[in-house]
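Asker: here you go, sequence then predicted model.
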Amino acid sequence: MRNGSLVAFTLLIQSAVGVIWALFPLHWTHSPAAADIARWSGYLALGFSLCGLVCAAGHLGSPPKAYHALRNLPHSWLSREILAVSGFTIMLVGFLCTLRFGSGQWMVSGAVICALGGGVVLFTMVRVYGLKTVPVWNNVSTALDFIGSTLILGSILGLGIAALAVPDGGRGSPAVLFIAVGMIGKAIAGFVSVHMQRLSSRRSWYAAPPRSMPASVATAVGMGLHLSGAGAVFLGLYGQHRFIWTVAALVLCSLADTWGRWRFYDRYVRIGL
């Protein structure tokens, strides 16, 4: 399994969805720089989405034949995932067009449509890993982990965009609530995944490969990085050098999510044949 391309694909797409979701708690419709914040968020989300699709194609055995991934829509959640991501990307293009040529009401409608499209993307992503033969994936921790990454990374990116657009405003943003919810989801997902990993390793016909670090310790490392990122967000909102602290938070949480997602794929343990 080519873990690198999968890690990049999932985190890029989830960040793209999160940037759009973050438009709402940032109260962008009431900001004098609302159009700029929405436009930058749209361009960033579109860039992430396109890069994610490239990474998805790189995961295939023959990238030039990636279009075949859409041929099994009635039966494959993987095909539906690719269709949902492609549709989300098209929605982002339409959203940017409304920002260019439409009115303020069209701007709000476009953001709502993209946010709903992003929700469909996350739903299909979670269903891809709903495999009964892989209990470490087929549980609530997968949904909580994916949603947590979306809320945390998207909100931090949104705060960074707001810091550039309105350097002296936006402190105490409700986007912090998104980050807090994401952190709680990540913590619950960590506990559940460690428990399921222990159970599946006892039941599996295939022994899990040896690990240099226990699952509980590795999960604690990831949560420590996330909490450090949350601390940087707090310093950025209520201290000086707001944008620098936001970048630090993004780096720390990106490292945590990359670490966690790599472990997500690396702890694959299948039961039965």
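Answerer: Good, I have the coordinates.

Asker: and the worst-scoring helix or strand of the chain on mean pLDDT, what does it pack onto?
Answerer: Least confident element among the helices and strands of the chain, by mean pLDDT, DSSP states H and E: helix 175-203 (a mean of 86). Applying 3 or more C-beta pairs under 8 Å, 6 or more residues apart in numbering; DSSP states H and E, we find helix 175-203 packed against helix 140-165, helix 215-238, helix 242-266. Heads up, the C-betas are built off the backbone N, CA and C, glycines and all.

Asker: compare those helices and give me the one nearest S76.
Answerer: Comparison of the helices and strands packed on helix 175-203 against S76 by C-beta to C-beta identifies helix 140-165 as nearest, at 17.5 Å.

Asker: now do the contacts for the closest residue to A256 other than its chain neighbours.
Answerer: Of all residues not flanking A256 in the chain, L225 sits nearest, at 3.5 Å (C-beta to C-beta, 6 or more residues apart in numbering). Shown in contact with L225 (C-beta atoms under 8 Å, 6 or more residues apart in numbering): 252-253, 255-256, 259.

Asker: can you redo these as CSV with pLDDT and neighbour count?
Answerer: Below are the contacts of L225 laid out as CSV (pLDDT from 0 to 100; neighbours: other C-beta atoms under 10 Å):
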residue, pLDDT, neighbour count
L252, 96, 21
C253, 96, 29
L255, 96, 16
A256, 95, 23
W259, 93, 17
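
Asker: just send those residues back as CSV, with distance to V121 too.
Answerer: Below are the contacts of L225 laid out as CSV (distance: C-beta to C-beta, whole Å):
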residue, distance to V121
L252, 25
C253, 20
L255, 23
A256, 22
W259, 23
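
Asker: now flag whichever of those residues is closest to L96.
Answerer: Nearest to L96 out of the contacts of L225 is C253 (C-beta to C-beta; 26.0 Å).

Asker: right, and the closest one touches H226 too?
Answerer: Yes. Between C253 and H226 there is a contact under C-beta atoms under 8 Å: 5.9 Å.

Asker: what's the distance between K186 and L12?
Answerer: Distance of K186 to L12, computed by C-beta to C-beta, to the nearest Å: 18 Å.

Asker: more neighbours, those two?
Answerer: Between K186 and L12, K186 has the larger neighbour count (other C-beta atoms under 10 Å), namely 26 against 23.

Asker: relative to G229, how far out is that one?
Answerer: 11 Å.

Asker: ok, A215 - how many residues close by?
Answerer: Applying other C-beta under 10 Å, we find 20 residues neighbouring A215.

Asker: any idea how far the closest residue in space to I244 that isn't next to it in sequence lies from P167?
Answerer: Once flanking residues are discounted, I244 sits nearest to G236: 7.6 Å by C-beta to C-beta, 6+ apart. With the distance defined as C-beta to C-beta, G236 ends up 12 Å from P167.

Asker: show me the common contact partners of these two, please.
Answerer: With C-beta under 8 Å, 6+ apart as the test, G236 and P167 both reach 242-243.

Asker: if anything else comes up later, I'll come back, but that's it for now.
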